[in-house]
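>>> pasting the sequence and the predicted model now:
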Amino acid sequence: MEKNAKIYVAGHRGMVGSAIYRKLQKEGYSNLITRTSAELDLRNQQAVTDFFAAAQPEYVFLAAAKVGGIVANNTYRADFLYENLCIQNNVIHESYKTGVKKLMFLGSSCIYPKLAPQPLKEEYLLTGLLEETNEPYAIAKIAGIKMADAYRAQYNCNFISVMPTNLYGYNDNYHPQNSHVLPALIRKFHEAKVNQSAEVNIWGSGTPMREFLFADDLADACYFLMENYNEQGLVNIGTGEDLTIKDLALLIKNIVGFEGALTFDSSKPDGTPRKLMDVSKLHALGWKHKVELEEGIKLAYQDFLSKHS
Ligand SMILES: NC(=O)c1ccc[n+]([C@@H]2O[C@H](COP(=O)([O-])OP(=O)(O)OC[C@H]3O[C@@H](n4cnc5c(N)ncnc54)[C@H](OP(=O)(O)O)[C@@H]3O)[C@@H](O)[C@H]2O)c1
């Protein structure tokens, strides 16, 4: 990407989009195009058509999506399927129509079958049933990957797809019901500390294994792949390292400084037992994460404190 190229970062206020935006700024890109969802509702086909015709972006990072944790995914099943399909259909199709040079579509590790062997290799896509709680979201994301590949095959578009593992970092969502596990734990432990609670009760058994990547590392990988990867199929982005939810909770408890007890509510759903990315393809391409979990959680907690206390 030339330094003066017109680059549209869709979803630039979100955790991922804002990290990509910061990364591009740091690399010296000065012609970045952004729209909030209030300015441009990407579900609206005519609005997206008009925007692409007027703005004529040369490169697109598609980081706008309806995103949430287990509860939100399971409760708003229709919205997650409909809104994500609309957003990606409109952006991918208009990118093709207006001759965008390259587009990156962001999916997520929940696209892989629930019981796929671990670690998750890119070729396990569509080899088994999905996790029920986030199936609508995953189906939309799988459609996005297949769309990028289909436009490459039929129209020779340079559209690529990346699948990040669980992310956390600056501008994360700390909503009490609709957030992902790591930010939800930061909030819970922080509130328990402030309220001097005796214990923190955590959803599920604490035994599932999860992998986490700092969002700024993801943005670094996205930039790297935008510059170096031009093929069909997906690329996993993660650390290749995981830990139990219990160990994650203990780490956050220490960083936040909560001194009470930690208990688990096994009546609540655990989700997929293990979700670790195989990142050998990414490593072979020449990229590896830089921010380790403890350091990243400390940075995320500082960001949380600056906005929520
Ligand atoms: N968070 C994770 O752990 C994670 C993990 C793997 C993959 N991902 C992927 O990364 C991408 C972004 O996730 P995120 O965590 O950054 O989400 P986020 O913080 O919730 O941000 C989503 C962004 O999408 C925009 N958006 C939503 N609906 C829109 C609409 N109808 N029209 C226009 N813009 C709309 C929002 O814009 P406004 O702010 O202007 O409303 C927001 O900035 C998603 O594709 C997700 O699947 C995330």
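It's in. Numbers count the residues shown, from 1 in each chain.

>>> my guess is residue 28 meets residue 3, correct?
Yes - Residue 28 is within contact range of residue 3, at 5.2 Å (criterion: C-beta atoms under 8 Å). For every residue, glycine as well, the C-beta is placed using N, CA and C.

>>> give me the distance from stretch 233-252 to the chain's centre.
How far stretch 233-252 lies from its chain's middle: 13 Å, per C-alpha atoms, centre = their mean, to the nearest Å.

>>> can it be said to contact the ligand?
No - applying C-beta under 6 Å from any ligand atom, one finds stretch 233-252 separated from the ligand by no less than 8.4 Å.

>>> pLDDT of that stretch, averaged?
The average pLDDT within stretch 233-252 is 97.

>>> end-to-end on that stretch?
Criterion C-alpha to C-alpha, to the nearest Å; first-to-last residue distance in stretch 233-252 is 35 Å.

>>> what's the answer for stretch 93-108, then?
Start-to-end, stretch 93-108 (C-alpha to C-alpha) is 21 Å.

>>> how about that stretch and the ligand, any contact?
Yes - counting by C-beta under 6 Å from any ligand atom, the ligand has neighbours in stretch 93-108: 106, 108.

>>> list the buried residues in that stretch.
Along stretch 93-108, these residues count as buried under the neighbour rule (16 or more other C-beta atoms under 10 Å): 93-96, 98, 100, 102-108.

>>> can you list the residues of the stretch 101-250 of the chain near the ligand?
Residues of the stretch 101-250 of the chain lying close to the ligand by C-beta under 6 Å from any ligand atom are 106, 108, 164, 166-167, 173, 180.

>>> which residue in these has the weakest pLDDT?
When these are compared by pLDDT, residue 180 scores lowest at 85.

>>> ok, that one touching residue 166?
Yes - contact criterion C-beta under 8 Å: residue 180 and residue 166 qualify, at 6.4 Å.

>>> re the thing from before, keep only those of the residues of the stretch 101-250 of the chain next to the ligand that are in helices.
Using DSSP state H, no member of these falls in helices.

>>> for this structure, just list every one of the strands.
Along the chain, counting by DSSP state E, strands occupy 7-10, 32-33, 59-62, 102-106, 159-164, 166-168, 199-203, 209-210, 212-214, 234-237, 243-244, 261-265, 274-275.

>>> could you dump these to TSV with distance to residue 125?
As requested, the strands of the chain are exported to TSV (distance: least, C-beta to C-beta, whole Å):
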stretch	distance to residue 125
strand 7-10	23
strand 32-33	31
strand 59-62	18
strand 102-106	14
strand 159-164	9
strand 166-168	18
strand 199-203	28
strand 209-210	20
strand 212-214	19
strand 234-237	7
strand 243-244	25
strand 261-265	32
strand 274-275	14
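
>>> looking at those, which is nearest to residue 186?
Among the strands of the chain, the nearest to residue 186 by C-beta to C-beta is strand 166-168 (8.3 Å).

>>> what about that closest one, distance to the chain center?
With C-alpha atoms, centre = their mean as the basis, strand 166-168 stands 6 Å off its chain's centre.

>>> what's it in contact with?
Strand 166-168 has contacts (C-beta atoms under 8 Å, 6 or more residues apart in numbering) with 15-16, 109, 180-183, 210-215, 218, 275, 296-297, 300.
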